[in-house]
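A.B. asks: Below is the structure, and that's it, no one-letter string:
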């Protein structure tokens, strides 16, 4: 069976080539701070509308509350997700997924792979789906979801979404106990680098900033500015007066929604959001993503065919 | 006769839904077939993570032909009426026959329904079943609109008879029925062709699938206890977890693993919760020390290395999980043992809403502290301890461990309070003040815990009554019925005498208005309303113990009815008394006396409440009753003063022979006015004496 990879990056490269081989467009990470790969517009927005889609990409993700100063063996405030979205979901998606595990060196004959119920819901995206967390020997290695609704819109057709927690999965495949000790590039490279060589220091720095230093007044202001800008973009006429073209600005508006969401996560990590306020903030972000979803289905990529009619 | 086998093969069905889905499949299919005339001998349904299966034996080959005669209009009825009848019956004029009846010539139709082959009916019912299956949550997939719990891949549907099996043809949104299935996802993924239920189960077993969840459960439990026993250990029982795990595997293989030494000092409940919630592991305990030392995991397969790789993986995952739990535990302990102690957590609770009209958790704690202090002397607790305990009882809601594992609330508080140097009694209240959580849950018994538990529940009831959020019908979003039952059981089962209105609810109202700075209008009515709510819950509670509601009403009508313990004692004594022969007859005699007296009082417009004198007595029976009353009164009055209801009531019941003899021999309404008046006054004495014990007028029968 597939030989065992030797480094973190080799696992990523193998996933990239596996999903490329199975017809996905290999995209690059989205260039903004997001909490998970799902936030990438290639997932959130492209799961809407009727246009077929198949994409895979690595997404650096940030969860400020999960910071442990680089000390916890597998909790990080900055980590990588690998994301696959195929619309409509193919009937053999489970087999394709298992094939990807084999491609990164998981021997199906020695491990115990299980699909354990996990109904996915993202209150900030106004999205839900049904599926599983996939367990390998008791460890959650992926989320597997059939999207039913995103941004308040029913998904027709349904997208199949796969999300791999790369560090955890790689640690398991490589047999490493602490994330910081994981080889990032090949251990025999002239300059071998571990995950810790690259991220230990940043984990410390960000943990301190996230938990204790970030200026909450500034964060709050950024949140409100992003919210206002998102709404302002959405409120623009579809017709661009300069070009005379119909240009619905779903993506720029969505960028602002992403920004607001990240500001909320930072505020949350600073512990300044009470339980009751929490719900209100989540509701505000959800309102933004809903507006963006509404706008996206008014675009050609979102299935709008207005001028054909 | 034929046997039917159905299998609906899908992607992994959530464990918690499988049993219900098997039942639903059986019910929908058998109901549908029977309704269509297809009866059967027996049916059974099964579920695994990937399949729902139904087997039906002794099914008719076809539904029977039915013949129904329908009476129509008279032969000479207007043409329109006859046409209408024909339309309704789906017949033509030639199908009708004329028959003489006492009412004249009448048209009759014979409607014959031909039987339908079993396969036709099954195909129809199965399609309906699939389309309307009552999944708690279902989904669409791909381009389709069909809904199932997860994507449905194949339908096996065969009818088998002695001469072989046939596929029941069926197509549901492109999924066509067949006679094949697949075995275990990894161990035997190839297609299997089957010709009946026995063939199906045995081929599945060879393909590493145990169809029956009960069999999977038994295997898991048997193997788990064996492997633990071999190491001198025991598996902590958990029926819910066992059922869930049996729903996660088709081919269960039990493996026992180690818990890292670093984690063995975590509280056992933390180990157990973390292993169960996150990993679905069973805890394995050392019976000598009571410590949790190992775990059992259930894999879905055998491997060439006998599970070594799987187990190593599971141990590694657990270490990471427990490292997190230990991180929370260490951080929490650091805070609990700091100078600010648990107060820092209470401070955080100022930001946590309890209810938007009833303030924050911190304000709730403040109210509980005042109320617990007030209640302490009545429940035998030290007021300082009760207040201190109330102040920290909910502090752990701010702890990291409870944030991660909400089900550990209270329990963690107890550990942290101990770590913060609190006494055992004060620390215990953190855990015990939530009790009782259900009708069968134990009530707290330690005085400090009782004070805090009562304070919490009384505040809750008073508070929600003050803001008009009482339970209505089946709606009780704040679990106020449970809180009321908690108050009742805590008082009654601990034999605690508390005047609930004056010593509890009234104080609670005052605390509420002063701390929340709002005024409550109609306080007295609200308190009475709350008391009658508590009385209603008390009736439910006592009914379960065999005490009738009218007996409770008779006791509620008495003075001091907000002392629930006293009320229950009175009701129990009365219930016991009325079960005796004397008691039952006394009740009849009392009612007779009361009726005669009431009628006379109404007719005469006076109250005969004073002055029965033995010197006006004319008969021995009359005199005997005077004597009996004197004697009973001598017992009842002091017994009542001492709240000894049993003695008082048996003294009351002892009046029965004298009373019976009196009614036998004496006529009340004589012509002699003085004698009559004296006798009515005597009856009044009986009424007064009896109703000093309980309001017997409210007893039925």
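C.D. replies: Yes, it's here. Just so it is clear, the structure is predicted and the values come from calculations on it, not from any experiment.
A.B. asks: only C-alpha atoms for contact and neighbour calcs from this point on.
C.D. replies: Noted.
A.B. asks: Of all the helix elements in chain B, which one is longest?
C.D. replies: Among the elements of type helix in chain B, defined by DSSP state H, the one spanning the most residues is helix B:308-336.
A.B. asks: after that helix comes which helix or strand?
C.D. replies: Sequence order places helix B:343-348 as the next helix or strand after helix B:308-336, per DSSP states H and E.
A.B. asks: wait, does the next helix or strand after that next one contact chain A?
C.D. replies: Tracing the chain C-terminally past helix B:343-348 and defining elements by DSSP H and E, one meets strand B:353-355 next. Yes: Strand B:353-355 lies within reach of chain A by Cα under 8 Å from any Cα of the partner chain, at residue B:353.
A.B. asks: same for strand B:353-355, what does it pack against?
C.D. replies: Using 3 or more Cα pairs under 8 Å, 6 or more residues apart in numbering or on different chains; DSSP states H and E as the contact criterion, the secondary-structure elements in contact with strand B:353-355 are strand B:359-360, helix B:361-379.
A.B. asks: Which of those sits closest to chain A?
C.D. replies: strand B:359-360 (10.2 Å; Cα to the nearest Cα).
A.B. asks: Direction included, what does that closest one pair up with?
C.D. replies: strand B:353-355 (antiparallel) (DSSP bridges).
A.B. asks: thinking again about what came up before, could you export the helices and strands packed on strand B:353-355 to TSV, including columns for mean neighbour count, mean pLDDT and distance to residue B:576?
C.D. replies: Written out in TSV, the entries for those read as follows (neighbours: other Cα atoms under 10 Å in any protein chain shown; pLDDT from 0 to 100; distance: least, Cα to Cα, whole Å):
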stretch	mean neighbour count	mean pLDDT	distance to residue B:576
strand B:359-360	16	86	46
helix B:361-379	23	92	28
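A.B. asks: can you list those in a markdown table and add distance to residue B:666?
C.D. replies: Rendered in a markdown table, the data for the helices and strands packed on strand B:353-355 read as follows (distance: least, Cα to Cα, whole Å):
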| stretch | distance to residue B:666 |
| --- | --- |
| strand B:359-360 | 68 |
| helix B:361-379 | 51 |
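A.B. asks: Would you mind naming what in the stretch 1-150 of chain B lies close to chain A?
C.D. replies: Contact residues of the stretch 1-150 of chain B with respect to chain A, defined by Cα under 8 Å from any Cα, are listed as B:12-15, B:138-144, B:150.
A.B. asks: can you list the domain ranges for chain A.
C.D. replies: Using automatic domain parsing, the domain ranges for chain A come out as A:8-208, A:215-304.
A.B. asks: closest one to residue B:379 among those domains?
C.D. replies: Relative to residue B:379, the nearest member of those by Cα to Cα is domain A:215-304, separated by 35.1 Å.
A.B. asks: hmm, back to that, closest to residue B:576 among the residues of the stretch 1-150 of chain B next to chain A?
C.D. replies: Sorting these by how near they are to residue B:576, with Cα to Cα, puts residue B:15 at the top with 49.5 Å.
A.B. asks: which ones are touching that closest one?
C.D. replies: For residue B:15, the contacting residues are A:117, B:49, B:244-248, by Cα atoms under 8 Å, 6 or more residues apart in numbering or on different chains.
A.B. asks: Pick the one among these closest to residue A:64.
C.D. replies: For those, the minimum distance to residue A:64 (Cα to Cα) is 26.7 Å, reached by residue A:117.
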